[in-house]
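**Q** Have a look at this prediction, sequence included:
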Amino acid sequence: ETVPMQEGKELGKSKVPVAAETVRVDTDKLDSSIKVMGEIMSNQSRLKHGLADLNEINRISQSCLDLINKSIEHGTSGNGEGRKMAMAAHDLQTKIKQLSLNTRDALNVHDLLTDDLREKVLKMRMLSLSTVLNSFPRLVRDIATSSGKKIDFIVEGAETELDKKVIEKIGDPLLHMVRNCVDHGIESPKDRLKAGKPEKGTVRFSAGYEGGHVLIEVMDD
């Protein structure tokens, strides 16, 4: 396993690389963390509904305050009692409004933190395609040698990352595709020369991000 290196402290005029600290985590534990994230996101939805209810209560309290003030203006409620009711309703409405604003702000922060945490947890399951591609060059070389073919195997985008489970599922199919290119796609040097092609064939494996997807291409000439 290649350990990523980080820039270290200067030693004289050179810098000593420092190995990044890593820890192995069981995939079951990662899966459990992702399930917890799902629960957090469900609770986030319930909080949003609660905020909507709070905003509705704020609207109703404002309507009550307006009605009390109108009754005082028209003299339909006792002066002293009416003013007390208006003050109490005003204080209540102010508290509800402030609670609504504070809840909205807290929920916005909660949204940002939840999205950030979810992204980090999911990235812990990501592996680069190089984990399945490391054995491919030797495979191509061995098959080419045994069949008398000359082949350049070019890999582009091996650093592209996918979920560990996805990589485990596509590893064998990718290997099969590369083997087919070598076995059936590339002709012998003699046949290639007759066809006006370079004596040496090329098998190219490329991967990269395209929108929200990963595009993998395996081709031969």
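**A** Looks like it came in fine. Residues are numbered from 1 along each chain as shown.
**Q** Leu101 - that's part of a helix, no?
**A** Yes: according to DSSP: H, G, I helix; E, B strand; the rest coil, Leu101 belongs to a helix.
**Q** give the contact list for it.
**A** With CB atoms under 8 Å, 6 or more residues apart in numbering as the criterion, no residue contacts Leu101. Backbone N, C-alpha and C define where each C-beta goes, glycine included.
**Q** nearest residue to Val121 other than its sequence neighbours?
**A** Counting by CB to CB, 6 or more residues apart in numbering, Ser33 is the residue found nearest to Val121 once chain neighbours are left out, at 5.2 Å.
**Q** before we move on, which element is the one you found in?
**A** helix 27-73 (DSSP states H and E).
**Q** follow-up on the earlier one: the residue nearest to Val121 and Arg104, how far apart?
**A** Remark: distance between Ser33 and Arg104 (CB to CB, to the nearest Å) = 28 Å.
**Q** the longest strand in this structure is where?
**A** Across the chain, the longest stretch assigned as strand under DSSP state E is strand 201-210.
**Q** Do a quick rundown of the strands in the protein.
**A** 5-6, 10-11, 14-15, 18-19, 126-128, 151-156, 161-163, 201-210, 213-220.
**Q** May I see those arranged in TSV, with distance to Ser45 and mean pLDDT as well?
**A** Converted to TSV, the strands of the chain look like this (distance: least, CB to CB, whole Å; pLDDT from 0 to 100):
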stretch	distance to Ser45	mean pLDDT
strand 5-6	39	41
strand 10-11	51	46
strand 14-15	49	52
strand 18-19	42	52
strand 126-128	26	87
strand 151-156	41	94
strand 161-163	24	89
strand 201-210	29	94
strand 213-220	27	94
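**Q** Ok, which of those strands comes nearest Ile143?
**A** Comparing those against Ile143 with CB to CB, the closest turns out to be strand 151-156 (8.2 Å).
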